[in-house]
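> Turn this into a structure:
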Amino acid sequence: MQLKDRVAFVTGGGQGIGASVAKAYAREGAKVAVIDLTLDSAAQVAKEIADAGGEAMGVACDVADRDQVEMAAAQVNAAWGRIDILVNNAGITRTAMLHKMTAEQWQQVIGVHLTGAFNCLQAVVGGMIERKSGRIIFVTSTAGVLGTIGQINYSAAKAGILGMTKSTAKELARYNITANAIAPGAATPMTEVIRTDERFKDKYLDRIPLGRWAEPEEITPVFVFFASDASSYVTGQILAADGGMTIY
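Presented below is the predicted three-dimensional model:
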């Protein structure tokens with residue numbers, strides 16, 4: 001087991017890639033805090049992990065709310081004494097063309113993706129620094145690398161994650177803490193419209209050299225790699241698990 005006795009804090013863990021990552025970490029021996037805006041979703045994933053013989057807890061948390069994040073981290077530390085792995089995966093979309101986007105739509109997306117990732121980072125990094133060990137995994141997107149139409153808020157937030165990843169890696173390397181980012185292909189509930197709407201489906205697929213959609217289970221091994229000792233000399237990197245979409 002690659003993650004035996006480690007504690008993982010997985011945001012957006014109630015569905016999609018986050019749920020798959022939480023379950024994969026549990027299979028590799030980690031204790032997993034499934035963090036999600038909805039307690040029912042987080043608890044359900046935690047139950048599935050426990051039913052399969054793993055150890056997990058579901059925690060309700062709005063990552064955009066600093067107080068909630070700190071309470072969630074405190075709850076995990078109280079139960080298991082540490083947080084070794086942070087996966088900043090929580091996300092939302094608020095789609096609109098830039099000239100129609102409201103200030104609220106902008107702030108909501110920036111708040112969850114960018115401020116939320118920063119909130120979680122600050123909430124867990126103190127313990128990692130003390131132990132001189134840790135794995136931090138950010139989730140970005142092809143939208144943050146290539147841009148997109150109708151989601152300037154999302155693209156800007158995901159591009160910001162790239163800078164956050166690299167800065168985190170540089171600042172924390174002295175403490176033996178690595179920070180990397182993954183840009184997954186369309187494999188989440190947030191991309192359901194792209195994958196099913198006839199207006200977008202074929203156009204999007206044409207941009208993927210492998211010619212098919214990703215499954216969450218195809219993305220999770222990359223998360224396991226970045227959380228494990230196999231990636232001990234890898235930091236500040238952006239890995240696109242996107243079927244070749246960002247080849248350039």
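> And the helices in this structure?
16-27, 39-51, 66-80, 103-110, 116-131, 142-146, 152-172, 192-196, 201-205, 216-227 (DSSP state H).
> Switch those over to JSON lines; also include mean neighbour count and distance to Ala8.
Placement of C-beta: from N, CA and C, glycine included. JSON lines is the format used below for the helices of the chain (neighbours: other Cβ atoms under 10 Å; distance: least, Cβ to Cβ, whole Å):
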{"stretch": "helix 16-27", "mean neighbour count": "26", "distance to Ala8": "5"}
{"stretch": "helix 39-51", "mean neighbour count": "18", "distance to Ala8": "11"}
{"stretch": "helix 66-80", "mean neighbour count": "17", "distance to Ala8": "9"}
{"stretch": "helix 103-110", "mean neighbour count": "16", "distance to Ala8": "25"}
{"stretch": "helix 116-131", "mean neighbour count": "20", "distance to Ala8": "10"}
{"stretch": "helix 142-146", "mean neighbour count": "20", "distance to Ala8": "23"}
{"stretch": "helix 152-172", "mean neighbour count": "19", "distance to Ala8": "17"}
{"stretch": "helix 192-196", "mean neighbour count": "13", "distance to Ala8": "26"}
{"stretch": "helix 201-205", "mean neighbour count": "13", "distance to Ala8": "31"}
{"stretch": "helix 216-227", "mean neighbour count": "20", "distance to Ala8": "7"}
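> Least confident of these, on average?
Least confident of these, judged by mean pLDDT, is helix 192-196 with a mean of 53.
> on that earlier part again, redo the helices of the chain as a markdown table? Include distance to Gln2.
Compiled in a markdown table, the helices of the chain are given as follows (distance: least, Cβ to Cβ, whole Å):
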| stretch | distance to Gln2 |
| --- | --- |
| helix 16-27 | 9 |
| helix 39-51 | 16 |
| helix 66-80 | 18 |
| helix 103-110 | 33 |
| helix 116-131 | 18 |
| helix 142-146 | 27 |
| helix 152-172 | 21 |
| helix 192-196 | 31 |
| helix 201-205 | 33 |
| helix 216-227 | 6 |
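> Figure out which of the ones you listed is closest to Ala183.
helix 142-146 (5.6 Å; Cβ to Cβ).
> circling back to that earlier point, the helices of the chain: which one's closest to Asn89?
Between Asn89 and those, the shortest gap by Cβ to Cβ is with helix 16-27, which sits at 4.5 Å.
> ok, residues contacting that closest one?
Contacting residues not belonging to helix 16-27 are listed as 1, 3, 8, 10-13, 32, 34, 36, 45-46, 48-49, 52, 54-56, 85, 87, 89-90, 139, 184, 187-190, 216-217, 219-221, 223-224, 227 [Cβ atoms under 8 Å, 6 or more residues apart in numbering].
> rewinding a little: the helices of the chain: which one's closest to Met97?
helix 152-172 (8.3 Å).
> the longest strand in the chain is where?
Longest strand of the chain, by residue count under DSSP state E: strand 177-184.
> just checking, what packs against that one?
Other elements packing on strand 177-184 under the criterion 3 or more Cβ pairs under 8 Å, 6 or more residues apart in numbering; DSSP states H and E are helix 116-131, strand 134-139, helix 142-146, helix 152-172, helix 216-227, strand 238-241.
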